[in-house]
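In: quick one: sequence plus predicted model below, questions after.
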Amino acid sequence: MGIPTVHLCAITPVAQMVGSNRILLAQKIVNPLGNADLASTEEKKLRRSMVEKALKGLQTEIEEQRILC
């Protein structure tokens with residue numbers, strides 16, 4: 001089985017091609033866990049939200065590839 005991971009990726013077809021099972025859609029290619037257009041407090045909330053989604057995804061039992069939103 002291996003170690004459960006969540007692949008944070010802005011281009012989901014790439015993650016699917018390499019065989020990632022849990023894929024979390026990132027914000028942008030150059031800044032996957034952030035958004036430079038936001039104020040720093042809002043960006044921190046965004047990052048926290050994405051990390052929480054990734055942690056929730058780790059707890060999810062899966063049988064096949066899944067894109068987490």
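Out: Nice, I can see it.

In: quick one: contacts for residue 9?
Out: By Cβ atoms under 8 Å, 6 or more residues apart in numbering, the contact list for residue 9 reads 15, 20, 23-26, 32. C-betas here are computed from N, CA, C, even on glycine.

In: filter those residues down to the buried ones, ChimeraX style.
Out: With 16 or more other Cβ atoms under 10 Å as the criterion, this ChimeraX line picks the buried residues out of these:
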select :15,20,23,24,25,26
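
In: what's around residue 3, how many residues?
Out: 5 (other Cβ atoms under 10 Å).

In: now it: phi and psi?
Out: With angles defined as degrees, to the nearest 10, residue 3 sits at phi -90, psi 130.

In: for the spatially closest residue to residue 50 that is not a sequence neighbour, helix, strand, or coil?
Out: Spatial nearest neighbour of residue 50, excluding adjacent residues (Cβ to Cβ, 6 or more residues apart in numbering): residue 33 at 5.8 Å. Here residue 33 is coil, with the state taken from DSSP: H, G, I helix; E, B strand; the rest coil.

In: next, residue 67: phi, psi?
Out: Taking degrees, to the nearest 10 as the convention, residue 67 sits at phi -90, psi 120.

In: so who does the nearest residue to it once chain neighbours are set aside touch?
Out: Nearest in space to residue 67, with sequence neighbours left out and distances taken as Cβ to Cβ, 6+ apart, is residue 23 at 4.8 Å. By Cβ under 8 Å, 6+ apart, the contact set of residue 23 is 6-7, 9, 12, 15-16, 65-68.

In: so which strand or helix has residue 23?
Out: For residue 23, the element it lies in under DSSP states H and E is strand 22-25.

In: with residue 53 instead?
Out: Assigned by DSSP H and E, residue 53 belongs to helix 40-59.

In: now do the buried residues in that helix.
Out: In terms of neighbour count (16+ other Cβ under 10 Å), helix 40-59 has its buried residues at 43, 50, 53-54, 57.

In: what helix or strand is residue 15 located in?
Out: Residue 15 belongs to helix 12-17, assigned by DSSP H and E.
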